[in-house]
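A.B. asks: Take a look and give me a structure for this.
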Amino acid sequence: MEPTREAATCLLELRDVSRSFGGVEVLTPIDLKIARGEFVSIVGPSGCGKSTLMNIVAGLVEPTSGRVMLEGRDITGRSGHVGYMFQKDLLIPWRTVLGNITFGAALKGRVSKGQLVEAAEMARHYGLSAFLDNYPHTLSGGMRQRVALMRTLALGRPIMLLDEPFGALDAQTRVQLQQWLLAVWAEMQGTILFITHDIEEAVFLSDRVLVMSRRPAAIAAEIRVDLERPRGVVVTTSEEFIAYKRQAMEILYSHRGLYEEVTDPAFATLGPAS
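C.D. replies: I've put the predicted structure just below:
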């Protein structure tokens with residue numbers, strides 16, 4: 001059974017969230033709701049404040065104004081309530097695959113036998129049972145990212161924040177990991193907030209794509225992606241997919257205020273996004 005959207009209740013809500021650093025406004029007041037079971041991606045110009053927004057949700061950065069609500073509770077400025085995975089896998093080099101998956105539990109104290117069994121079962125289920133005793137330096141980039149994601153899953157948080165987790169991978173591995181992530185998300189009925197610079201990746205993965213403007217950043221547009229799930233790679237060649245991708249590109253490259261000028265001549269003739 002795939003995650004539902006329409007009937008889902010609001011899981012995460014940002015209320016009038018803004019952030020300034022040293023008097024420089026990075027995020028204008030942002031309102032955002034994410035439903036339980038949704039996959040929402042954020043795209044925008046480099047340096048616009050996407051990661052700052054994610055850090056605010058994670059409680060690592062205090063907003064200048066506004067509140068972050070999770071399941072109706074105010075978690076503003078409080079960490080530990082969400083799962084957070086960065087672009088770099090940040091695996092602990094002296095811990096095995098099993099040790100890295102259970103690292104979150106280890107930070108809270110001793111890892112129980114039950115937690116070790118659950119972690120081993122998760123690794124088996126997601127195709128890494130043969131590597132439980134391996135150390136990170138022996139793993140491929142794709143395998144390391146899977147371990148990092150399993151470590152995030154093992155925390156059991158209601159929402160996962162993924163900040164460009166596949167950005168450093170080669171194209172083929174990236175596609176494989178995208179499909180794997182969608183399978184994990186559907187199976188676990190999870191909720192994901194995902195940052196990427198890749199518009200095609202955002203459309204392929206998401207229920208909604210949020211396009212952010214340049215600094216001071218705001219959510220310039222929301223694109224609802226009504227493509228049937230489960231999605232295979234072949235959907236990226238469909239007319240519907242290409243239309244969503246073009247819509248996002250028009251907004252990102254041609255919308256007034258997102259970029260001071262269009263630097264790619266391929267988009268110089270695009271009209272304003274609807």
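
A.B. asks: ok, which stretches of the stretch 51-200 of the chain are strands?
C.D. replies: Here the stretch 51-200 of the chain has its strands, by DSSP state E, counting those that start in this stretch, at 65-70, 73-74, 83-85, 160-163, 192-195.

A.B. asks: For those strands, give me JSON lines that also has mean neighbour count, distance to Ala123 and mean pLDDT.
C.D. replies: Yep, even glycine has a C-beta here, placed from its N, CA and C like the rest. Below are those laid out as JSON lines (neighbours: other CB atoms under 10 Å; distance: least, CB to CB, whole Å; pLDDT from 0 to 100):
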{"stretch": "strand 65-70", "mean neighbour count": "17", "distance to Ala123": "28", "mean pLDDT": "96"}
{"stretch": "strand 73-74", "mean neighbour count": "10", "distance to Ala123": "32", "mean pLDDT": "95"}
{"stretch": "strand 83-85", "mean neighbour count": "22", "distance to Ala123": "16", "mean pLDDT": "91"}
{"stretch": "strand 160-163", "mean neighbour count": "23", "distance to Ala123": "18", "mean pLDDT": "94"}
{"stretch": "strand 192-195", "mean neighbour count": "24", "distance to Ala123": "20", "mean pLDDT": "96"}
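
A.B. asks: From Leu182, how far off is Leu162?
C.D. replies: Plainly put, Leu162 is 12 Å away from Leu182 if you go by CB to CB, to the nearest Å.

A.B. asks: Same check on Phe21?
C.D. replies: Per CB to CB, Phe21 is found 35 Å from Leu182.

A.B. asks: just Glu228 next, same as before
C.D. replies: 13 Å.

A.B. asks: Between these two, which has more neighbouring residues?
C.D. replies: Taking other CB atoms under 10 Å, Glu228 and Leu182 do not tie; Leu182 has more neighbours (20 against 9).

A.B. asks: give the contact list for the more buried one.
C.D. replies: By CB atoms under 8 Å, 6 or more residues apart in numbering, the residues touching Leu182 are Phe39, Leu205, Arg229, Pro230, Arg231.

A.B. asks: Please verify my assumption that Leu19 contacts Val26.
C.D. replies: You called it Leu, but residue 19 is Arg. Yes: look at Arg19 against Val26 with CB atoms under 8 Å: they come within range, at 5.0 Å.
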